[in-house]
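Engineer: After the sequence you'll find the predicted model.
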Amino acid sequence: MSETAPDRFGLPGTPIFDGETSRRGLRMNKLFMSLRTAENRERFLADEAAYCQGFRLTPEQQQAVLDRDWQAMIDLGGSIFYVYKLAMMDGRSMQYLGGVFTGMGEEDFLAAMRAGGRRDG
Amino acid sequence: MAEVIWGLATSHVPSIGAAMDRGKTEDPNWKALFDGYAPARAWLAEHRPDVAIVVYNDHANGIDLDFVPTFGLGTAEQYEVADEGFGRRPVPDVIGHPELALHLVESLVDEEFDLTVFQELHVDHGFTVPLSVWTPDPGDAWPCPVIPLLVNVIQYPQPTAARCYALGQALGRAIRSFPGDLTVGVLGTGGMSHQLAGARAGFINPEFDARWMSAIETDPASLAALSREELIRQAGAEGIELIMWLVMRGALDDEIVKVHSDYFVPASNTAAGIALFDNRAGRSG
Ligand SMILES: [Fe+2]
């Protein structure tokens, strides 16, 4: 079975966080939510792989977390609101993530937002 | 009976709260947004209700994905402000209104809206940013007790726009059937167009937002008819949270008078909108 997100509406570049995606991502999303406390962030940073195993992530999910592969985290069931907890811990902004997801890079993404946002092509 | 005196629709982007908390409201990237709030804030300061209801969604702070209630209502005496990861916002905890909240639950369940009841809840930016949009300097306490009404907008299937509008209409009836004399303000939060993940991240649709802003006042039924797919296509994967404005709108009269509205891009990756409606000005006699 494929672990990538189904294309529910066939809307290009638009991941839909649906029940099936949430089921696949549950353990990983719980890990992200746990990073709200300083104590858990310390434990995570001390041994990221062990922390992932503690939450029973799949090997692919664990690799995505360790590599900070943001797109893979979304593909493997991450909710952007949960994934963002890890990004915040790393000092990354939502504009940084936007730069990653679009391939534009943070600076160009931010400039596009300030120019009124991106439009459908 | 209790009476809805106004409805306020506003985005609840966390960076709006952060800009206020860090004193950046005069920053060139933010000033126009906050200037756009000023007329609504001035009017609201003159029209303080006895209770407010905030329609919002949680973002991995108060609840996790173990439970995904489609609709929920808080009946607690107090709601703590959530620590979202780097300390809680420097704003007051929220005083609830259990008496009205329990009446709303009973009345809504009688109308077959089977809400989840929250007796303990930490409220996140989805809840506190709209309160800050209303009241920038609350001091030790928000202007009145507040009741949270939660809507699942982050995991598909979200409730339909039509169901949100119908819930709002039932909420209006529930408020009016409360045996005590209370004035109530209702806040619908979230939106406007935005998408956070995927190659379409950063998507903004000002034409759709303008249509929404106008129809929320004069033709909400046309918005309630939009499908989830259409909302995601037009407003972006996260812009679908605009359905929470329809809960607020449903609780108001058919005839309302717009006090103020404004639109600003970008608040973080989002188109930010505000719309304030007087629910009493349209009534004659
Ligand atoms: Fe939200």
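Structural biologist: Everything's here; your move.

Engineer: When you work out contacts or count neighbours from here on, use the C-alpha atoms and nothing else.
Structural biologist: Fine.

Engineer: Torsion angles phi and psi at B:A272?
Structural biologist: Backbone geometry at B:A272, expressed as degrees, to the nearest 10, gives phi -100, psi 130.

Engineer: contacts for the longest strand belonging to chain B?
Structural biologist: Ranked by residue count, the top strand of chain B under DSSP state E comes out as strand B:257-267. Strand B:257-267 is contacted by residues A:113-114, A:116-117, B:13, B:15-16, B:30, B:32-33, B:36-37, B:39-40, B:43, B:217, B:271-279, B:281-282 when judged by CA atoms under 8 Å, 6 or more residues apart in numbering or on different chains.

Engineer: From these, keep the buried residues only.
Structural biologist: Among those, those classed as buried by 16 or more other CA atoms under 10 Å in any protein chain shown are A:113-114, A:116-117, B:13, B:16, B:30, B:32-33, B:36-37, B:40, B:217, B:271-279.

Engineer: where in chain A is pLDDT low?
Structural biologist: For chain A, the stretches with pLDDT under 70 are A:1-6, A:121.

Engineer: Nearest residue to the middle of it?
Structural biologist: With distances taken as CA atoms, centre = their mean, the residue of chain A nearest its centroid is A:V83 (3.7 Å).

Engineer: Helix or strand: which one has it?
Structural biologist: A:V83 is located in helix A:80-89, with elements delineated by DSSP states H and E.

Engineer: Report all helices and strands that that helix contacts.
Structural biologist: helix A:19-34, helix A:70-75 (3 or more CA pairs under 8 Å, 6 or more residues apart in numbering or on different chains; DSSP states H and E).

Engineer: Measure how far the last one is from the centre of its chain, please.
Structural biologist: Spelled out, it's helix A:70-75. Mean C-alpha position of helix A:70-75 versus that of the full chain (CA atoms, centre = their mean, to the nearest Å) differs by 5 Å.

Engineer: do the same with stretch A:39-59
Structural biologist: The chain centre lies 16 Å from the centre of stretch A:39-59; the measure is CA atoms, centre = their mean.

Engineer: buried sites along that stretch?
Structural biologist: Buried residues in stretch A:39-59 (16+ other CA under 10 Å): A:R41, A:F44, A:E48, A:A49, A:Y51, A:C52, A:F55, A:L57, A:T58.

Engineer: now swap in stretch B:125-144 and tell me
Structural biologist: Buried, per 16+ other CA under 10 Å, within stretch B:125-144: B:125-136, B:142-144.

Engineer: How about it and chain A, touching?
Structural biologist: No. Applying CA under 8 Å from any CA of the partner chain, one finds stretch B:125-144 separated from chain A by no less than 12.0 Å.

Engineer: And the average pLDDT for that stretch is what?
Structural biologist: Averaging pLDDT along stretch B:125-144 yields 98.

Engineer: Now do the domain split for chain A, please.
Structural biologist: With automatic domain parsing as the criterion, the domains of chain A are listed as A:19-88, A:91-121.

Engineer: sorry, back to before: will you turn the helices and strands packed on helix A:80-89 into TSV that also has mean neighbour count?
Structural biologist: Below are the helices and strands packed on helix A:80-89 laid out as TSV (neighbours: other CA atoms under 10 Å in any protein chain shown):
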stretch	mean neighbour count
helix A:19-34	21
helix A:70-75	21
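
Engineer: Which one, of the ones you listed, ends up nearest to chain B?
Structural biologist: With CA to the nearest CA, the closest approach to chain B among the helices and strands packed on helix A:80-89 belongs to helix A:19-34: 6.1 Å.

Engineer: Mind giving me the packing neighbours of whichever helix or strand comes after the closest one?
Structural biologist: Reading on from helix A:19-34 to the C-terminus, the next helix or strand found by DSSP H and E is helix A:38-46. Judged by 3+ CA pairs under 8 Å, 6+ apart, the packing partners of helix A:38-46 are helix A:48-54.

Engineer: Which strands or helices does the helix it packs on pack on?
Structural biologist: By 3+ CA pairs under 8 Å, 6+ apart, helix A:48-54 packs against helix A:38-46, helix A:59-66.

Engineer: Distance of B:D209 relative to A:L45?
Structural biologist: 42 Å (CA to CA, to the nearest Å).

Engineer: likewise B:T189?
Structural biologist: B:T189 sits 35 Å away from A:L45, going by CA to CA.

Engineer: Tell me which of the contacts of strand B:257-267 fall in helices.
Structural biologist: The helices, defined by DSSP state H, take in A:M113, A:R114, B:S15, B:I16, B:A32, B:L33, B:G36, B:Y37, B:P39, B:A40, B:W43, B:E217 from the contacts of strand B:257-267.

Engineer: what two of those residues are the furthest from one another?
Structural biologist: Spanning the widest gap among the ones in helices among the contacts of strand B:257-267 are A:M113 and B:W43, at 30.7 Å by CA to CA.

Engineer: With that, I have no additional questions.
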